[in-house]
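Visitor: structure for this input, please:
(one chain, ligands or ions: 3)
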Amino acid sequence: NDDTNLIYEIVAKIGETDILDGKKTMTSGYNTSILGPVIRLRKGQQTRLIAKNQLNESTTFHWHGLEVAAANDGGPHHEIMPGQEEILEFNVIQEAGTLWLHPHPHKKTAKQVYEGLAALIYVEDDNSDQLLIPKDYGIDDIPLIIQDKTFTDDGQLDYQADYQADGTLGDTSLINGTINPYVDLTKGLTRLRLLNGSNSRNYRISFSDNIPFKQIATDGGFLESPVELTELILTPAERAEIVMDTRQLAVGDTISMLNGDHALIEFNQVAMPIVTNELPTTLNSIKRLSDEEVAKLPMKEFRLAGMGETVTINNEKFDMSVINFETKLQSPEVWRIINEPSMMGGMIHPFHVHGTQFQILSRNGTPVSGADKGWKDTVGLLPKETVELLIEFKVPGVFMYHCHNLEHEDNGMMGQFLVK
Ligand code: C2O
Ligand code: CU
Ligand code: CU
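Guide: Numbers count the residues shown, from 1 in each chain. Ligands and ions are numbered 1, 2, ... in the order given. Okay, here's the model as predicted:
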């Protein structure tokens, strides 16, 4: 029932997690010692969230990708002191998608995410209910939060020691907070909900033997139809839902999901599926504007530049007391994001906007195709790349835009705007 109230209590807390053999790692998580439960929301549902901070420092609860008014968005203006809590109430207005929760306190986002605070949010709706796609949680609909961390000899995380101004990288990859992960598959089609929950690492995801897979959803919803791929790039904060087809495998066969040539997780086929539906060819309908309509829209430009501590957007660093611009509710705009050429060769910057889902119109002037046509809240820009976004806000208030390389964000590669 779409009208029922949903109440969740979400507690950020510190705990100990068994990640490495024979060692306890101090970590933080939501309602658990690392990461958190899947928070299930539904389009049209009135939702009440009670967010409690049991850490020993302030934090915020940011619902990345969720279209809620800025007062509920958990950006850096909404710090909750240790021992305090906040009640958030909102109506879910967006379609089915895989979003996530993470902290966003000023200059401490990277550290808190690295220490374990991240959880998935699933929004469902009538369309996702009806689609004949894998949706059995943990059986053939599997969340995969992909991260990298470095452990000290005694098994601890030391963010200060590992810190790199251009993005902290771990030497150990983790899936859902575990190392050397594997999954036993019992169905022929398996949906994987991928989240790049790393501070700064970009992933080039493929499967062993270059087995093709289908992407069915991007950050903010289903694609119009499945897109067949053999690899995809996932920059920090991006999500992709993909479906892997293992109907050709024999019982006992294993395939790996790879980042480049490094195995992230193993899948073991342990049973033969008797019947499996093909994926539907139509998954969603996405409203689009014509080129003529887009050409009439106002445009804003964002220049991403610098490295390490010198990163800026439009030559400015984040200043809590400065609203960089204003924009109108319910009025589409084009945002042109430019990853400025640099002497040093440049970097990938994942550009993220709070409070909305946007469409990518073009990359370097060429209209996008395939999975680039889905709803997004984060778009990875390669060095020297320019992308144009079609963006519109349905909820009011002050929101952030920033690079989701979390060290860049904490170093000020961020701004804020007022929607009214
Ligand atoms: Cu995922 Cu401003 O954040
Ligand atoms: Cu966000
Ligand atoms: Cu960046």
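
Visitor: just the endpoints, please. Distance across stretch 117-132?
Guide: 32 Å (CA to CA, to the nearest Å).

Visitor: so which bits of that stretch are buried?
Guide: Buried residues in stretch 117-132, counted by 16 or more other CB atoms under 10 Å: 117-125, 128, 131. C-beta here means a position set from N, CA and C on the backbone, and glycine is covered the same way.

Visitor: cool, stretch 152-172 as well?
Guide: For stretch 152-172, by 16+ other CB under 10 Å, it's 155, 157, 159, 162, 166-168, 170.

Visitor: tell me how far the ends of it are from each other?
Guide: 11 Å.

Visitor: name the helix or strand for whatever residue of the stretch 151-300 of the chain ends up closest to ligand 1, please.
Guide: Relative to ligand 1, the nearest point of the stretch 151-300 of the chain is Ala237 (4.8 Å; CB to the nearest ligand atom). Using DSSP states H and E, Ala237 is not contained in any helix or strand.

Visitor: could you give the number of residues near it?
Guide: Ala237: 28 surrounding residues under other CB atoms under 10 Å.

Visitor: ok, now which ones touch it?
Guide: 64, 100, 195-197, 350, 352, 377-378, 404 (CB atoms under 8 Å, 6 or more residues apart in numbering).

Visitor: so what's the spatially closest residue to it that is not a sequence neighbour scoring on pLDDT?
Guide: Spatial nearest neighbour of Ala237, chain neighbours left out: His404 (4.1 Å); criterion: CB to CB, 6 or more residues apart in numbering. pLDDT recorded at His404 is 98.

Visitor: doesn't Ile348 make contact with His404?
Guide: No: using CB atoms under 8 Å, His404 makes no contact with Ile348, being 10.4 Å away.

Visitor: so these two - more neighbours on which side?
Guide: Counted by other CB under 10 Å, His404 and Ile348 do not tie: His404 has more neighbours, with 27 against 18.

Visitor: residue nearest the centroid of this protein?
Guide: Ala237 (3.2 Å; CA atoms, centre = their mean).

Visitor: where's Lys317 relative to ligand 3, distance?
Guide: Relative to ligand 3, Lys317 is positioned 13 Å away (CB to the ion, to the nearest Å).

Visitor: what's the answer for Gly370, then?
Guide: 24 Å.

Visitor: so for Asp3, what's the pLDDT?
Guide: 49.

Visitor: same question for Asp148.
Guide: 98.

Visitor: give me the element the residue nearest to Tyr159 when sequence neighbours are not counted is part of.
Guide: What sits nearest to Tyr159 in space, not counting adjacent residues and going by CB to CB, 6+ apart, is Lys111, at 4.5 Å. In this assignment (DSSP H and E), Lys111 forms part of helix 109-114.

Visitor: I'd like the next helix or strand past that helix.
Guide: strand 119-124.

Visitor: kindly list the longest strand within this structure.
Guide: strand 6-18 (DSSP state E).

Visitor: same for the next helix or strand after it, what does it pack against?
Guide: Heading C-terminal from strand 6-18, the first helix or strand you meet, by DSSP H and E, is strand 24-30. For strand 24-30, the contact count by 3 or more CB pairs under 8 Å, 6 or more residues apart in numbering; DSSP states H and E identifies strand 6-18 as packing neighbours.

Visitor: quick check: buried residues in the strand it packs on?
Guide: 8, 10-13, 17.

Visitor: go on, stretch 366-373?
Guide: 368, 371-373.

Visitor: dump the residue contacts of the closest residue to ligand 2 within the chain.
Guide: Ligand 2 sits closest to His64 of the chain, with a gap of 3.7 Å, by CB to the ion. Shown in contact with His64 (CB under 8 Å, 6+ apart): 99-102, 237, 352, 354, 377.

Visitor: 7 Å - rerun?
Guide: 99-102, 237, 377 (CB atoms under 7 Å, 6 or more residues apart in numbering).

Visitor: Val227 too?
Guide: 214-215, 370-371 are the contacts of Val227 under CB under 7 Å, 6+ apart.

Visitor: which strand or helix spans it?
Guide: strand 221-229.

Visitor: picking up where we left off before, chain center to the helix holding Lys111, what's the gap?
Guide: 14 Å (CA atoms, centre = their mean, to the nearest Å).

Visitor: just the CA atoms of it, as CSV, please.
Guide: What follows is helix 109-114, C-alpha atoms only, in CSV (Å, rounded to 0.1, in the frame of the first residue of the first chain):
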residue,chain,number,x,y,z
THR,A,109,33.2,12.8,4.7
ALA,A,110,36.1,10.9,3.3
LYS,A,111,37.3,9.6,6.7
GLN,A,112,33.9,8.5,7.9
VAL,A,113,33.1,6.7,4.6
TYR,A,114,36.5,5.0,4.8
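
Visitor: biggest separation within the contacts of Val227, which pair?
Guide: With CB to CB as the measure, no two of the contacts of Val227 lie farther apart than Lys214 and Gly370, at 11.0 Å.

Visitor: just the pLDDT at Met400, thanks.
Guide: Per the predicted model, pLDDT is 98 at Met400.

Visitor: one more: Pro273?
Guide: At Pro273, the pLDDT value in this model is 73.

Visitor: didn't it look like it was pressed against Arg247?
Guide: Yes: with contact defined as CB atoms under 7 Å, Pro273 reaches Arg247; the gap is 6.2 Å.

Visitor: between those two, point out the one with more neighbours.
Guide: Neighbours around Pro273 and Arg247, counted as other CB under 10 Å, are more numerous at Pro273. The numbers are 15 against 11.

Visitor: could I get the contacting residues of the more buried one?
Guide: Going by CB under 7 Å, 6+ apart, the list of residues near Pro273 reads 187-188, 247.
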